[in-house]
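Peer 1: from the sequence below, what's the structure:
(chains A and B)
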Amino acid sequence: MLKVNHISKSFGGRPVIENISGEFQKGKTNLIIGASGTGKSVLLKCIVGLISPDVGNVFYDLRNFTEADKEMKAEIRREIGMLFQGGALFDSKNVQANVMFPLEVLKQMTMEEKLDRVNFCLQRVGLENVNKKMPSEISGGMKKRVGIARAIVNNPNYLFCDEPNSGLDPQTAIVIDDLIGEITHEFDITTIVVTHDMNSVMGIGERIMFLYKGKNLWEGSSKEIIHSDVEELNDFVFSNKVMQGIRNGK
Amino acid sequence: MTGFGKYILFLGTLVVRMESFKTYYKLVLDECIQIGLKSVALVALVASFMGAVTTVQTAYNMVSPLIPRYVISQVVREMTILELAPTIIAVIFAGKVGSSMAGGLGTMRITEQIDALEVMGINSASYLVLPKIISSLLMYPLLVIVAGFSSLLAGYLVGGITGIITPTDYIYGIRFYFDDYSITFAMIKSFVFAFLISSISSFKGYYTVGGALEVGIATTAAVTTSVIAVLTADYLLAQLLYVR
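Peer 2: Okay, here's the model as predicted:
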């Protein structure tokens, strides 16, 4: 389980997220949703330690990550896998080297063991015969899959996904969403997905946190979101006609 | 001053939370190929032209029949070893290697590749930048030696072909009153310039914020700042090391 306690962060005196608390459950796909500029990515970066919060703490299974020493932080980070918005694959390395990278630097394994693990992860995300391709030679959807394979290669306890289906066609976006959901349940990990895509919310959202102007305004499940009486949430969720149809039972 | 302070702190981060020796060994070898081997041809070409031009220009300006011809190659030798090889090649090095370092790191920053390293618990600055600096320190002095030889050889060939100076006079001038401290001085300069170019370019690239436009700006800033630092260091070293 992952817990955030009263997290606040400002940039240049302007608060971006304010006093956010919440729990993200193990074995479930936890979503952080909200409109652009509400601080979703900043919250995620605070959680993984890319940004230090001004106030508040992040707990990874009761271990205080925010106040941990360097060794403890490094230890916790070895349990983290992250999928970035653009994939963040290393341009100079091929697909195999990208996926193998966390094993190269963090684990003591033989080359054969590493290759087996890499091939297993690539197969798990539905990619075969792409080991020697460079990131520039594969599509956006494939990059996301390789990013997921790299994120899970180290057997993480926590998986973070920042806008996993941005820039993808609707069909590929659903495939990526499904993959994240399956991996979460299969490996029983704590997954946090930052998104503003309502297809993801309805498709894989088991626990949802809604941010509005940097504040945690609502928490619940994808079923509860339909019947919410929070005006700001309804404005966000039912801003497209498909969702309006779902609400009206059409 | 804020930028300078940030640069000093950046240098400090390179030597904390380091990876294993094996990891750096591989990275340094890769960088040596990128920085050193792939620059040899350009350096040799530029240095050859510098040597050839210096020979012709020196001969053209020496109109007095009282000055022996071997002075031409003596002048070429001194200029090559003291200034042309270490300093002018440093400008070329900043343009080729420094811009590549800044552009590469800047792109890694804006495409979140550096964030990906940090999330994995890797000290991204140390992992990405330290091998570049070590490789530059190893390869740049070698490039300066290549440049020196190329320049002197080109002067020899051009002098002989055009009849400006005979090969015998050229060789005599090269050896005449040769002070080997010049080589030591050139090597000290090479190490200082290599460190300045690689660390400043990496610093500019590593802290790129924004998008493609900012990567371009960082790359330009890397080259200009490196060149200014090299020229400033060149003057300071001349002042310091020639007081004997």
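
Peer 1: can I assume residue A:219 sits in a helix?
Peer 2: No: using DSSP: H, G, I helix; E, B strand; the rest coil, the assignment for residue A:219 is strand, not a helix.

Peer 1: near chain B, which residues of chain A?
Peer 2: Within chain A, the positions adjacent to chain B are A:45, A:48-50, A:70, A:73-75, A:77-78, A:80, A:82, A:84-86, A:88-91, A:101-102, A:104-106, A:160 by C-beta under 8 Å from any C-beta of the partner chain. The way it works is simple: take the backbone N, C-alpha and C, and place the C-beta from them, glycine included.

Peer 1: stretch B:164-178 - what's its average pLDDT?
Peer 2: Averaging pLDDT along stretch B:164-178 yields 92.

Peer 1: oh sorry, the question was meant for stretch A:123-134
Peer 2: 90.

Peer 1: end-to-end on that stretch?
Peer 2: 17 Å (C-alpha to C-alpha, to the nearest Å).

Peer 1: now stretch A:160-169
Peer 2: Counting by C-alpha to C-alpha, the terminal residues of stretch A:160-169 are separated by 21 Å.

Peer 1: how about stretch A:225-237?
Peer 2: 8 Å.

Peer 1: which residue ranges of the chain form strands?
Peer 2: I went with chain A, as the question did not name one. For chain A, strands defined by DSSP state E occupy the ranges A:2-11, A:14-24, A:29-33, A:55-60, A:63-64, A:80-83, A:158-162, A:190-195, A:207-212, A:215-220.

Peer 1: got a markdown table for these, with mean pLDDT and mean neighbour count too?
Peer 2: Listed next are the strands of chain A as a markdown table, based on pLDDT from 0 to 100; neighbours: other C-beta atoms under 10 Å in any protein chain shown:
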| stretch | mean pLDDT | mean neighbour count |
| --- | --- | --- |
| strand A:2-11 | 93 | 18 |
| strand A:14-24 | 92 | 17 |
| strand A:29-33 | 93 | 26 |
| strand A:55-60 | 94 | 18 |
| strand A:63-64 | 92 | 14 |
| strand A:80-83 | 92 | 25 |
| strand A:158-162 | 93 | 25 |
| strand A:190-195 | 93 | 26 |
| strand A:207-212 | 92 | 22 |
| strand A:215-220 | 90 | 18 |
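
Peer 1: any chance of these in JSON lines, plus distance to residue B:87?
Peer 2: Output for the strands of chain A, formatted as JSON lines (distance: least, C-beta to C-beta, whole Å):
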{"stretch": "strand A:2-11", "distance to residue B:87": "42"}
{"stretch": "strand A:14-24", "distance to residue B:87": "47"}
{"stretch": "strand A:29-33", "distance to residue B:87": "54"}
{"stretch": "strand A:55-60", "distance to residue B:87": "51"}
{"stretch": "strand A:63-64", "distance to residue B:87": "53"}
{"stretch": "strand A:80-83", "distance to residue B:87": "45"}
{"stretch": "strand A:158-162", "distance to residue B:87": "46"}
{"stretch": "strand A:190-195", "distance to residue B:87": "50"}
{"stretch": "strand A:207-212", "distance to residue B:87": "55"}
{"stretch": "strand A:215-220", "distance to residue B:87": "58"}
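
Peer 1: circling back: which among the residues of chain A next to chain B count as buried?
Peer 2: Buried members of the residues of chain A next to chain B, scored by 16 or more other C-beta atoms under 10 Å in any protein chain shown, are A:45, A:48-50, A:73-74, A:77-78, A:80, A:82, A:84-86, A:88-90, A:101-102, A:105-106, A:160.

Peer 1: what's stretch B:6-25 in contact with?
Peer 2: Applying C-beta atoms under 8 Å, 6 or more residues apart in numbering or on different chains, the external contacts of stretch B:6-25 come out as A:70, A:74, A:104-105, B:122-123, B:125-127, B:129-131, B:133-134, B:199-200, B:203, B:206-207.

Peer 1: what's the neighbour count on residue B:115?
Peer 2: Residues lying near residue B:115 (other C-beta atoms under 10 Å in any protein chain shown) number 19.

Peer 1: what is the strand or helix carrying it packed up against?
Peer 2: Under the criterion of DSSP states H and E, residue B:115 resides in helix B:113-119. Where contact means 3 or more C-beta pairs under 8 Å, 6 or more residues apart in numbering or on different chains; DSSP states H and E, helix B:113-119 is packed against strand A:80-83, helix B:99-110, helix B:124-162.

Peer 1: now with 6 Å, please.
Peer 2: Judged by 3 or more C-beta pairs under 6 Å, 6 or more residues apart in numbering or on different chains; DSSP states H and E, helix B:113-119 is in contact with helix B:124-162.

Peer 1: got the angle between the helix it packs on and helix B:99-110?
Peer 2: If you take axes from the mean of the first three to the mean of the last three C-alpha atoms, to 10 degrees, helix B:124-162 sits at 160 degrees to helix B:99-110.

Peer 1: packing partners for the helix or strand just after helix B:124-162?
Peer 2: Proceeding N to C from helix B:124-162, the next assigned helix or strand is helix B:167-175, under DSSP H and E. Using 3+ C-beta pairs under 6 Å, 6+ apart as the contact test, the elements touching helix B:167-175 are helix B:70-79, helix B:124-162.

Peer 1: off-centre distance for the shortest one?
Peer 2: Centroid displacement of helix B:70-79 relative to its chain, using C-alpha atoms, centre = their mean, to the nearest Å, is 22 Å.

Peer 1: what does it contact?
Peer 2: B:54, B:55, B:58, B:59, B:155, B:165, B:169, B:170, B:172, B:173, B:174, B:176 (C-beta atoms under 6 Å, 6 or more residues apart in numbering or on different chains).

Peer 1: now the residues you listed in CSV, with distance to residue A:113 and neighbour count?
Peer 2: Shown next, in CSV, are those (distance: C-beta to C-beta, whole Å; neighbours: other C-beta atoms under 10 Å in any protein chain shown):
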residue, distance to residue A:113, neighbour count
B:54, 59, 24
B:55, 61, 28
B:58, 65, 20
B:59, 67, 22
B:155, 58, 32
B:165, 66, 27
B:169, 67, 19
B:170, 62, 26
B:172, 65, 16
B:173, 64, 23
B:174, 59, 17
B:176, 65, 14
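
Peer 1: now compare these and name the two farthest from each other.
Peer 2: Farthest apart among these by C-beta to C-beta are B:54 and B:172. That separation is 17.4 Å.

Peer 1: center of chain A - which residue?
Peer 2: Geometric centre of chain A, nearest residue: residue A:161, 1.9 Å, by C-alpha atoms, centre = their mean.

Peer 1: that one contacts residue A:195, correct?
Peer 2: No: the pair residue A:161 / residue A:195 is not scored as a contact, 7.9 Å apart, by C-beta atoms under 6 Å.

Peer 1: picking up where we left off before, list buried residues within the contacts of stretch B:6-25.
Peer 2: A:74, A:105, B:122-123, B:125-127, B:129-131, B:133-134, B:199-200, B:203, B:206-207.

Peer 1: list the contacts of residue 51.
Peer 2: Let's take chain A. residue A:45.

Peer 1: that's the wrong chain, I meant chain B
Peer 2: Contacts of residue B:51 (C-beta under 6 Å, 6+ apart): B:151, B:152, B:154, B:155.

Peer 1: what strand or helix carries it?
Peer 2: helix B:40-61.
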